[in-house]
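>>> A predicted structure for the sequence below; I have some questions about it.
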Amino acid sequence: MTEPVIICRCEDITLQDIHELIKQGKHTLEELKRECRCGMGPCQGRTCTPLIAQELAKALETNTGNIVLPTFRPPTAPITLGALAGGAKHD
C-alpha cells in the first residue's frame with residue numbers, strides 16, 4: 001500500500017480527501033476550504049492552494065486560470081506585536 005499524498009501539510013489533508021470532496025460536489029476552492037480547512041493553517045494556503053486549484057481544474061476539465069481563488073479576509077483591526085505579547089498599554 002502506498003503512503004497517502006499530503007496536499008495541505010498544515011491541516012494534514014490528503015490528495016484523496018480533496019478528490020473525495022470534489023466527487024461530493026465541492027467545486028470551488030472556497031467550498032473545499034470550508035469543508036476541510038485546506039489553506040487555513042499557518043501558511044494560509046501559500047503552499048496548498050495552487051496544488052488544490054490544479055486538482056480542481058483537472059476534475060472540472062478546465063485550466064487553473066478559471067479557478068477562483070478564496071477570499072482573503074484580513075483582521076478587522078490591526079494590533080501590534082507588543083499587544084500580543086502583553087507588553088503594550090491600550091487606550
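Received it, and whenever you're ready, just let me know what you need.

>>> May I ask you to name the longest helix in the chain?
helix 48-60 (DSSP state H).

>>> Could I have the CA atoms of that helix written out in CSV?
Output in CSV follows, covering the C-alpha atoms of helix 48-60 (Å, rounded to 0.1, in the frame of the first residue of the first chain):
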residue,chain,number,x,y,z
CYS,A,48,-1.5,24.1,-0.9
THR,A,49,-3.9,26.5,-2.7
PRO,A,50,-2.0,26.2,-6.1
LEU,A,51,-1.9,22.4,-5.8
ILE,A,52,-5.6,22.1,-4.9
ALA,A,53,-6.5,24.5,-7.7
GLN,A,54,-4.6,22.3,-10.1
GLU,A,55,-6.5,19.2,-8.9
LEU,A,56,-9.8,21.1,-9.1
ALA,A,57,-9.1,22.3,-12.6
LYS,A,58,-8.3,18.7,-13.7
ALA,A,59,-11.5,17.4,-12.2
LEU,A,60,-13.6,20.1,-13.8
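
>>> And that helix, how far out from the chain middle?
11 Å (C-alpha atoms, centre = their mean, to the nearest Å).

>>> Buried ones in that helix, by neighbour count?
Cys48, Thr49, Leu51, Ile52, Ala53, Glu55, Leu56 (16 or more other C-beta atoms under 10 Å). For glycine as for every other residue, the C-beta is placed from the backbone atoms N, C-alpha and C.

>>> now do stretch 33-44
Buried, per 16+ other C-beta under 10 Å, within stretch 33-44: Lys33, Cys36, Cys38, Gly39, Met40, Gly41.

>>> How about the third one: what's its closest non-neighbour residue?
Excluding its sequence neighbours, the residue lying closest to Cys38 (C-beta to C-beta, 6 or more residues apart in numbering) is Cys8, at 4.3 Å.

>>> tally of neighbours for that neighbour?
Cys8 is flanked by 26 other residues according to other C-beta atoms under 10 Å.

>>> so who does it touch?
Cys36, Arg37, Cys38, Gly39, Gly41, Thr47, Cys48, Ile52 (C-beta atoms under 8 Å, 6 or more residues apart in numbering).

>>> Tell me the spacing between Tyr43 and Val68.
Let me fix one detail, which is that residue 43 is Cys and not Tyr. 20 Å (C-beta to C-beta, to the nearest Å).
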